[in-house]
Structures are given as structure tokens and as C-alpha cells.
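S.K.: any chance you can model this:
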Amino acid sequence: MAEREPGVTAEQRVLDDRARALAVPRRVEEDGSEIRDVVAFAVGAERYAIEIGFVREVRPLEKGVFCRVPCAPPFVVGIVNVRGRIFGVLDLGAYCGLAPRPLTESAHILIVSTSGQGSAGRETGILADGKPENQRIRGDRLRPPPEAVSAGLQGFIHGVTEEMLVFLDIGRLLDDPKMIVRDRE
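M.R.: Numbers count the residues shown, from 1 in each chain. Next up, the predicted model:
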């Protein structure tokens, strides 16, 4: 029987096991370029990507499980109950100052977690307009973000592909003090 670490919950052990399982070495092409698996999604007319190891789950935005939060910052569009766990749902468009857009029936939520990835271990939902899809990005094809990419995200981007897919550094984004909503200051 394996020895248990004191102070570590069963849930944390499960999450740590999942993180280790996802922490596989990066794939490298024959020419030496790194391949990253990402989940790509739309926010308005913009397209974003998050490394797949940070995405715990993708689910449709269902009626009845999503609630708006009064007095929250504009980028917090609400909360969602996922199997008894409550997650805040963030709208990157509102965070970046893009024009407001209505929620549609095709909206999805990406449940992302930075636990076990070298940051403070944050979990949240990110609103996507439409169904996200898995893609692969070659590391040598990433370019610095052009000025057209929202100034609000400039410090949270690994790079941008030729197709203008913005590859987010989700750990750095979720650690941004502006993302942390406190009930008292």
C-alpha cells in the first residue's frame, strides 16, 4: 500500500495523477520543430488556443446550470455547476474590452485548470462562442502578437499563427491580479 502524504486530500491526489498523466514529453517533428496540442475556440471574431493539458473539460453552456453573478466585473459572466463544483465563467472578449455579444445556444465552456502546472493552481471556465476543436500548432510557426491583438492580452500570449490563432499562456492569464475577484479589499 502506498504511503499517503499528510495534508493531501484524495481529490488533490486524483488531480495530481491526472496532471502527471498529461505531462507527456512534447512531440517533435523530424525537422526539430515542436508540436503542441491545443484546444482552439472563438470569442467573437477572434480565435484563441489553450494548450490541451490545461483543459479539463469542454461542455455546452446549458440552460439551468449557468447563473449570472450580480456586481461581478464585466468579464465574469456567471458561474456554472459542474458535477457539484462551482466554477466562475470568464469572457475573454469582455476582459479585453471587445464589444459585448449575446450568449448563443452554440456557446461552450472550457473548464481550465493550472493545478500541477507550476502556477498558483487556479480553475475556472472560459466562455467560447461555438464548439471548440482540437488542433496542433508547430512551435516554429508561432510569431509575436501583432498590434491587432488586444492590448489586454499582449502579456498572456505564447504567440500567434499565420491563421491568426492566438495561443494563450493560460497559467499567466489566470495568475493576473485583475482576474482574481475578491469579496473584500
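
S.K.: now do the strands in the chain.
M.R.: 27-28, 34-43, 46-51, 55-60, 66-67, 76-82, 85-90, 108-113, 123-128, 133-138, 157-160, 165-168 (DSSP state E).

S.K.: tell me the mean pLDDT over the fifth one?
M.R.: When you say that, I think you mean strand 66-67. If you average the pLDDT over strand 66-67, you get 79.

S.K.: how about stretch 132-147?
M.R.: Mean predicted confidence for stretch 132-147 is 87.

S.K.: re the thing from before, so which of the strands of the chain gets nearest E147?
M.R.: strand 157-160 (11.2 Å; Cβ to Cβ). Using the backbone N, CA and C atoms, a C-beta is placed for each residue, glycine as well.

S.K.: distance of the residue most central in space within the chain relative to C67?
M.R.: The C-alpha lying nearest the average C-alpha coordinate of the chain belongs to V112 (Cα atoms, centre = their mean; 4.6 Å). From V112 across to C67, the span is 19 Å (Cβ to Cβ, to the nearest Å).

S.K.: contacting residues around G44?
M.R.: G93, L98, A99, R101, D129 (Cβ atoms under 8 Å, 6 or more residues apart in numbering).

S.K.: swap that for I170, sorry
M.R.: Counting by Cβ under 8 Å, 6+ apart, the residues that I170 touches are I50, E51, F54, V112, T114, F156.
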